[in-house]
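Colleague: mind looking at a prediction? Sequence and model below.
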Amino acid sequence: MLIAITSEGLEPTSLVAEKLGRTPFLIFYETEKNIFESLRNPYANLFGGAGIQTSQLIIEKNVDAVITIDIGLNPLRLLNSANVKVYSCSKKQVIEAVKDFMENKLTIVDSKSMMDFSRKRHMRKGWGWNNNF
């Protein structure tokens, strides 16, 4: 299984980067061979569409799962359409996130959970869904 982890650096001891599209680096971990490979994200500084382009790169690498802190709805849908599962984690080292993944301690992210989270966040801010602006 090949896992892609968003990362702030090139090493497995680097911290997991917050956003999929804007991640400076991707670290790929091959579970069968226990090998890490790092790659600079060429789309991190795009004006728009960084999440979609990064997701496409991940799909082209034949990744089975992604670990990140945050992901947009459109990149999530694209990854899911290619049968790539997305997992969320807290701010920690990449190697710790991989360990948590291997121990089934990470939460899977899907479109429904994203919509529920977004709805709760907007309600906390007092925006509501039927407010007239």
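Modeller: Arrived safely. This is a predicted model, so every value here is computed, not measured. Numbering: from 1, shown residues only.
Colleague: give me the low-pLDDT residue ranges for this protein?
Modeller: The model of the chain has pLDDT under 70 over residues 113-133.
Colleague: repeat the analysis, applying 50 as the threshold.
Modeller: Under the criterion pLDDT under 50, the flagged ranges of the chain are 117, 119-122, 129, 131-133.
Colleague: report the separation between the most centrally placed residue in the chain and Glu11.
Modeller: The C-alpha lying nearest the average C-alpha coordinate of the chain belongs to Thr68 (CA atoms, centre = their mean; 3.3 Å). If you measure Thr68 against Glu11 using CB to CB, to the nearest Å, the figure is 17 Å. Backbone N, C-alpha and C define where each C-beta goes, glycine included.
Colleague: which stretches of this structure form helices?
Modeller: Under the criterion DSSP state H, helices of the chain are mapped to 50-60, 73-81, 94-102, 111-124.
Colleague: name the helices or strands packed onto the third one?
Modeller: Using 3 or more CB pairs under 8 Å, 6 or more residues apart in numbering; DSSP states H and E as the contact test, the elements touching helix 94-102 are strand 2-7, strand 65-68.
Colleague: out of these, which one sits most buried?
Modeller: Neighbour counts (mean count of other CB atoms under 10 Å) averaged over each of these peak at strand 2-7, with a mean of 26.
Colleague: so how far is it off the chain centroid?
Modeller: The gap between the average C-alpha position of strand 2-7 and the chain average comes to 8 Å, counting by CA atoms, centre = their mean, to the nearest Å.
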